[in-house]
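K.L.:
Sequence first, predicted model second:
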Amino acid sequence: MNVEAHLTELDVPSDRAIDFLDARELPPPEPLQRTMNRLAELDDAHVFVQLNDRVPQFLFPKLDEQGIAYQTVETDEGVVTAIWRPASE
């Protein structure tokens, strides 16, 4: 899967490295748990990208609580969610 191609559809920082998780084959709640574990170490130099077979609806409130930016796009291959820490002012 060409993750970068899907990120061009979103307003995602393009100057950051990509950390990718393909969660399509993981049973619940593994996608959420693995994503939250990876986000605990997410810095301003990376965009975390999760590919899932469904919209990660339980993830969004957790991201909102932490002030983490995200955008999602549905593709033929699954749901791509890009997650990043907003740049420090």
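P.N.:
Good, I have the coordinates. The structure displayed is predicted, hence computed values, not measured ones.
K.L.:
separation between L51 and G67?
P.N.:
As defined by Cβ to Cβ, to the nearest Å, L51 lies at a distance of 24 Å from G67. C-beta here means a position set from N, CA and C on the backbone, and glycine is covered the same way.
K.L.:
Correction: the previous question concerned R54.
P.N.:
The span separating R54 from G67 equals 24 Å under the rule Cβ to Cβ.
K.L.:
Kindly report the same for I83.
P.N.:
Taking Cβ to Cβ as the criterion, I83 is separated from G67 by 12 Å.
K.L.:
Looking at these two, which one has more neighbours?
P.N.:
I83 (24 against 8; other Cβ atoms under 10 Å).
K.L.:
what's the more buried one in contact with, if anything?
P.N.:
Under the criterion of Cβ atoms under 8 Å, 6 or more residues apart in numbering, the contact partners of I83 comprise 35, 39, 42, 47-50, 63, 68-70.
K.L.:
one more time with 10 Å
P.N.:
For I83, the residues meeting the contact criterion (Cβ atoms under 10 Å, 6 or more residues apart in numbering) are 12, 19, 35, 38-39, 42, 46-50, 56, 59-60, 63, 68-72.
K.L.:
low pLDDT regions in this protein?
P.N.:
Within the chain, the stretches falling below the threshold (pLDDT under 70) are 1, 88-89.
K.L.:
Which parts of it are strands?
P.N.:
For the chain, the strands defined by DSSP state E occupy 17-22, 46-52, 69-74, 79-84.
K.L.:
Distance to P28 for those strands - can I get that in CSV?
P.N.:
CSV is the format used below for the strands of the chain (distance: least, Cβ to Cβ, whole Å):
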stretch, distance to P28
strand 17-22, 14
strand 46-52, 10
strand 69-74, 17
strand 79-84, 14
